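# Build me a model:
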Amino acid sequence: MIEAEGRFVTPGAFAAMSEIGLSEISGSGAQNDASVSGDLIAAAADAGRAFNPAVTAIAVTRMEGVTRAAIAPSRTSSMFGGRGALVSLSGAADSVFRPGAFMVLELGDDGARRTGGSRASMWPALEAALRDAREYPTRYRSGQGGAVLNEIDAAAVQPYARGQGMFLVHIENAADIRRLIAFKRANPGMRFAIHGGAEAWQVASELAAADIPVILDPLANLPDRFERLSARLDNAALLHAAGVRIAIAPGPGSVDAHQARLVLQLAGNAVANGLPWDAAFAAVTRGPAEIFGVGALAGPVGTRLSRRCGDLGRRPFAGDERPGGGVYRRRGAGACVPSDPPARSLPPQPPRGSHTLGIGAQGAACAAGCAPLYPRLTTHAGAAGRSESGRFLHPVLREIFLGFSPAAANRKRNDTMALPEFSMRQLLEAGAHFGHQTHRWNPKMDRYIFGEKSNIHILDLSQTVPLLHAALVKVREVAAGGGRVLFVGTKRQAADHIKSAAQRSAQYFINQRWLGGTLTNWQTVSKSIARLRELDQIVNGGSVGLTKKEVLNLTRERDKLDRSLGGIASMGGIPDLMFVIDTNKEAIAIQEAKKLGIPVVAIVDSNCDPDEVTFPIPGNDDAARAIQLYCDLIADAVLDGLTEGQVRGGVDIGASARPPVEAVVAAERAPEPVESPMDGPSGANY
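The predicted model follows:
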């Protein structure tokens, strides 16, 4: 997909569930690997090993702008439908880029039929099967065997039962979905996504709270079965409004090889029934990629990256950049949108052989036969009377590129100072993408991990960029409202950076040992701070009438209190926001903040738990250069917020003796940093 200036922005749409590549003609038994039957193999079936990149449906699907897909057999004789794979529709021999990405699980009417004919037997059968998998290979080597699974299937299910992979559950009924939510609560380490969910809108808030995404078919509104009696066309819109992560794909029973090409039309129908355009666009690009743990492959637009990613020389994950530009519309009658943008303009139509996406209110996909509406570098007065030059982006792309990116978000505000800018190049140079060794990881960080190299996890910076920007926005808002920001980092390589950043931004810090109860027992801590001030007055006041030994003891006591409490001595109360380096080392601080409802912005490495943090930022929390970059950005955001607060209060900062210095000017004045030979690309991670 290509934006209005002809630049590549995303690799194309993602079919979140399909049989493409598993069968040539669905109704024919010849070359049809979309069905698994028999007692020998069920859960161990591997769709990636059956994928044929040369089937004709792949070429047809690519013509519609769909370039990647999640594939799995759709017909099985067991409640476990086998292991699905993520594939590229490039036609290359090595098209399977994530084998075993998920395990298909039948838990609706089909699951009940395959486990004794009743839901009363289905859930006990699932629990017994998971016990078989978790106890593999002990049970099988001792000769006991499994209660439900044979040895081959138990070995296949084991990593998913332990939370190392995701179960994709075919389920429609609201009551069944509630049971799945309860099952996840009882098994918090397991990961689930729903495929189908015709009645999911009835339990939307519960799904959002349980963080269970839904892959749905916006056309699944017919009550053709008892488990879909409450299906409705605005299912996608209701789920999105409740905060449920969604992706769009044909539903169970409609995923044959030739249905993958329809995902753009399905997204258009969702728009026609209330789903916002940007949410529909995400549901066929970024949404499925993130659900399956490959968010980096969604491309810059899919992950809301800044256009400044071009600083790397080529945009990450981009295949090429093509010429062309302007806004396009369909030739002749039945145009996707009115001919006068920008009320709802379309992304541009690329040169022949490329792909673009246009979703109109009628569900039309403008993938071919489009003509330029406005040429490049021309001026058009928009609906609001403003002139734009060569910037005719779809509102979604405009929001992504000009409204969300770290650099472009600043252009929308009439503030005195700009939110600190950063690029992925800076993060890469600082080593922010290096995680810990693979055996030290926290499985909850799986969604933020791009891959591994030399037994080291590589973090997905395409997710770090927008999450870091969101954190900076929050910090700025707190500072602008007069709130206190507490910097916390007690590890050796973070202590100095934490202190200097807090002092530079006139905030508070703790860079030595965190004293238990610092926040939750603030009344007692306040007494210690009062004692610190008293000792300061005694020691600095000349120590009249005291012996040398008494002065030495008081000085030691003062220094000890100053190391622990000096950074918060003038805080005057609990902070309004806390910034943390290394959530594992500062676990007590985070627990206290959660208890008091204080939002936490934290750097989460591959061995951390992101669910404990309000604003997690995936990144290396050990490398000194990375820590310095994080601290500088947070400090700059605080200063920006303080400046905005002054402007709101009517202060003329231009008349001040020392006006604030813009980040660009400060960077030009700063000396070139001297690299330490010990400051490697990932710090202590090695």
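# Excluding covalently adjacent residues, which one is nearest to residue 99?
residue 48 (3.8 Å; C-beta to C-beta, 6 or more residues apart in numbering). Any C-beta I mention is one placed from the backbone N, CA and C, and that applies to glycine too.
# quick check, that neighbour in a strand?
No - counting by DSSP: H, G, I helix; E, B strand; the rest coil, residue 48 is located in no strand; its state is helix.
# That one contacts residue 88, correct?
No - here residue 48 does not reach residue 88: they are 11.8 Å apart, not a contact under C-beta atoms under 8 Å.
# which residues are in contact with both of these two?
residue 96 (C-beta atoms under 8 Å, 6 or more residues apart in numbering).
# thinking again about what came up before, how close does the residue nearest to residue 99 sit to residue 89?
Between residue 48 and residue 89 the computed distance is 14 Å (C-beta to C-beta, to the nearest Å).
# Show me which residues of stretch 265-276 are buried.
Across stretch 265-276, burial judged by 16 or more other C-beta atoms under 10 Å covers 265-273, 275.
# Residue 48 and residue 89: who's more crowded?
Under the criterion of other C-beta atoms under 10 Å, the comparison of residue 48 against residue 89 puts residue 89 first, with 26 against 20.
# ok, the more buried one touching residue 62?
Yes - using C-beta under 8 Å, residue 89 is in contact with residue 62, at 5.3 Å.
# who does the longest helix along the chain touch, helix- and strand-wise?
Determined from DSSP state H, the single longest helix within the chain is helix 624-648. Packing partners of helix 624-648 (3 or more C-beta pairs under 8 Å, 6 or more residues apart in numbering; DSSP states H and E): helix 424-429, helix 461-480, strand 485-488, helix 492-504, strand 577-581, strand 600-604.
# List every C-alpha atom in the longest one, with coordinates, as CSV.
Extracted as CSV, the C-alpha positions of helix 461-480 are listed here (Å, rounded to 0.1, in the frame of the first residue of the first chain):
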residue,chain,number,x,y,z
LEU,A,461,11.1,-1.2,18.0
SER,A,462,8.1,-0.6,15.7
GLN,A,463,6.0,-1.0,18.8
THR,A,464,8.4,0.9,21.1
VAL,A,465,8.1,4.1,19.0
PRO,A,466,4.4,4.7,19.4
LEU,A,467,4.3,3.5,23.0
LEU,A,468,7.2,5.8,23.9
HIS,A,469,5.4,8.7,22.2
ALA,A,470,2.2,7.9,24.1
ALA,A,471,4.2,7.9,27.4
LEU,A,472,5.8,11.3,26.5
VAL,A,473,2.3,12.7,25.9
LYS,A,474,1.1,11.5,29.3
VAL,A,475,4.2,12.9,31.0
ARG,A,476,3.7,16.2,29.3
GLU,A,477,0.0,16.3,30.3
VAL,A,478,0.9,15.7,34.0
ALA,A,479,3.6,18.3,34.1
ALA,A,480,1.3,20.9,32.3
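# And the strands in the stretch 1-150 of the chain?
Using DSSP state E, counting those that start in this stretch, the strands found in the stretch 1-150 of the chain span residues 13-18, 35-36, 66-71, 75-76, 80-88, 96-106.
# Name the stretch among these that sits most buried.
Mean neighbour count (mean count of other C-beta atoms under 10 Å) peaks for strand 13-18 among the strands of the stretch 1-150 of the chain, with a mean of 31.
# Next, the angle strand 80-88 makes with that strand.
Inter-element angle recorded for strand 13-18 and strand 80-88: 160 degrees (by axes from the mean of the first three to the mean of the last three C-alpha atoms, to 10 degrees).
# Give me the residue ranges of this protein where confidence is low.
Filtered on pLDDT under 70, the chain yields the residue ranges 1-11, 24-40, 74-77, 224, 253-258, 296-418, 542-544, 650-686.
# got a list of what the residue located most distally from the centre of it touches?
In the chain, the residue that sits farthest from the middle, by C-alpha atoms, centre = their mean, is residue 545; the gap is 63.0 Å. By C-beta under 8 Å, 6+ apart, no residues touch residue 545.
# Just say helix, strand or coil for it.
The three-state assignment at residue 545 reads coil, by three-state DSSP.
# For residue 615, give the beta-bridge partners.
With DSSP bridges applied, residue 615 shows beta-bridge pairing to residue 601.
# Could you check how far it is from residue 608?
13 Å.
# Also residue 60?
From residue 60 to residue 608 the distance is 44 Å (C-beta to C-beta).
# In terms of neighbours, single out the busier of the two.
Taking other C-beta under 10 Å, residue 60 and residue 608 do not tie; residue 608 has more neighbours (26 against 16).
# How about that one: what's its closest non-neighbour residue?
residue 583 (4.7 Å).
# Which strand or helix spans that neighbour?
Using DSSP states H and E, residue 583 falls within no helix or strand.
# Now do the contacts for it.
Residue 583 touches 590, 602-604, 608-609, 612-613, 621, counting by C-beta under 8 Å, 6+ apart.
# Return the member of those residues nearest to residue 260.
residue 604 (34.6 Å; C-beta to C-beta).
# Correct me if wrong: the closest one contacts residue 618.
Yes - the pair residue 604 / residue 618 is scored as a contact, 5.7 Å apart, by C-beta under 8 Å.
# Give the residues shared as contacts by the two.
Applying C-beta under 8 Å, 6+ apart, one finds that residue 604 and residue 618 are jointly contacted by 445, 448, 610.
# Throw the residues you listed into CSV and include secondary structure, neighbour count and distance to residue 183, thanks.
Below are the shared contacts of residue 604 and residue 618 laid out as CSV (DSSP: H, G, I helix; E, B strand; the rest coil; neighbours: other C-beta atoms under 10 Å; distance: C-beta to C-beta, whole Å):
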residue, secondary structure, neighbour count, distance to residue 183
445, helix, 22, 23
448, helix, 26, 25
610, helix, 18, 22
